[in-house]
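Enquirer: Show me how the following folds:
(one chain, ligands or ions: 1)
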Amino acid sequence: MATLLLGFDVERIPGLNPPDDFSRRLLGYVVDESLTLGFLQALQRLLAEEAAVATLFIAGMNAECFPEAYRVLADDPHFDLQQHAYSHEPFKCIAEERDDEMQTRVFRPCLPSQAVFEDLLRGEQAVTSAVGCRPVGLTAPFAYWRGLGDQPLVLETLWDLGYRFVRSYGRTPTDYQPLPVDQAQPFRYELQGFSGLMEIPITGWHDVGFKTRFGWEEVARFADYVCGELDRLAGTDLVWSLLQHDWSSVQYDENLTVTRSILRRARALGWQVLSHTEFYSTHLDSVGGYRTGLVSSF
Ligand SMILES: [Zn+2]
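Expert: Below is the predicted model of the structure:
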């Protein structure tokens, strides 16, 4: 049975993320500083109405801004609350080569390795303090080609801190997207010595990448893309960890109609919809060892 994992990176950090100049360039205005609160309320209503579960990967600095909101969600069974590092700086350098008309190139330098460990620990403390229990899952900021398969010390730190799944693989060999759903599937970091640590790749376009490429105002276009992929892959045994973000999903869609239509289409087509923690708990034994896929397509 095909499986959809709904995930949101919750990462609006006033003054830092998304950066004001980036936001102005993308949207023509600076994203509201307290937008996370409206997003969380809209998502809470939607998940209750649809009887669905979603995983929030919360940036530590965001958790520090809105602790009361997370305390409310901690008791809500429709939420699976996990970590998205502290300051949203990348753990690995990214040299993105887009295949758009402008042939856009973006380089994002990574944190020095000691700073990666400090950022992880601070994120861990901030999220634990906001939600009242320790996270077991992490989305690594910006995601990377090959995930953390070449970062054994980060994997070891995650394992020692109690992390059991990570979303860190979300880019093609040109550091762009989309990573095809049918070519990048969950695996265990067995080759690196952590067979209990699962990678759940972020596949397909995520909402920010799609809208940056194809436009922000026509929100139905992203829904159409996702629903088209749900149609195409229905009936397979594939897993799709779909990524949206707090600050982007409510632009021109404050009631999250896109997420509602995705959920309804998935269920109508027979997809099971699970949280990331549910997926880890029930599928660790059926997931294979480290493989990045894409070998035959590049
Ligand atoms: Zn992020």
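
Enquirer: With only the CA atoms kept, save stretch 276-283 in CSV.
Expert: Output of stretch 276-283 as CSV, limited to C-alpha atoms (Å, rounded to 0.1, in the frame of the first residue of the first chain):
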residue,chain,number,x,y,z
HIS,A,276,6.8,9.9,10.5
THR,A,277,7.0,8.4,14.0
GLU,A,278,4.3,5.9,13.2
PHE,A,279,6.1,4.9,10.0
TYR,A,280,9.4,4.4,11.8
SER,A,281,7.8,2.3,14.6
THR,A,282,6.0,0.0,12.2
HIS,A,283,8.5,-0.2,9.2
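
Enquirer: So which bits of it are buried?
Expert: For stretch 276-283, the neighbour count (16 or more other Cβ atoms under 10 Å) marks 276-280, 283 as buried. All C-beta spots, glycine's among them, are computed from the backbone N, C-alpha and C.

Enquirer: mind checking pLDDT for whichever residue of the stretch 101-250 of the chain sits closest to the ion?
Expert: Proximity to the ion, evaluated over the stretch 101-250 of the chain using Cβ to the ion, is greatest for Pro141 at 5.1 Å. If you check Pro141, the pLDDT there is 98.

Enquirer: before we move on, what SS does the nearest residue to Val106 once chain neighbours are set aside have?
Expert: Excluding the flanking residues, the one nearest Val106 by Cβ to Cβ, 6 or more residues apart in numbering is Glu96, at 4.2 Å. Under DSSP: H, G, I helix; E, B strand; the rest coil, Glu96 falls in the strand class.

Enquirer: my guess is Glu96 meets Thr172, correct?
Expert: No: with contact defined as Cβ atoms under 8 Å, Glu96 does not reach Thr172; the gap is 9.7 Å.

Enquirer: contacting residues for Phe194?
Expert: Neighbour list for Phe194: 155-156, 159, 188 [criterion: Cβ atoms under 8 Å, 6 or more residues apart in numbering].

Enquirer: Mark which of those are buried, thanks.
Expert: Counted by 16+ other Cβ under 10 Å, the contacts of Phe194 give 155, 159, 188 as buried.

Enquirer: which ones among those are found in strands?
Expert: Of the buried ones among the contacts of Phe194, the ones assigned to strands by DSSP state E are Arg188.

Enquirer: which of the buried ones among the contacts of Phe194 are close to the ion?
Expert: Applying Cβ under 5 Å from the ion, the subset of the buried ones among the contacts of Phe194 adjacent to the ion is empty.

Enquirer: Quick one: end-to-end length of stretch 261-275, please.
Expert: 18 Å (Cα to Cα, to the nearest Å).

Enquirer: Buried residues in it, which are they?
Expert: 261-263, 265-267, 269, 271, 273-275.

Enquirer: Equivalent analysis for stretch 102-110, please.
Expert: Neighbour-count burial for stretch 102-110 [16+ other Cβ under 10 Å]: Cys110.
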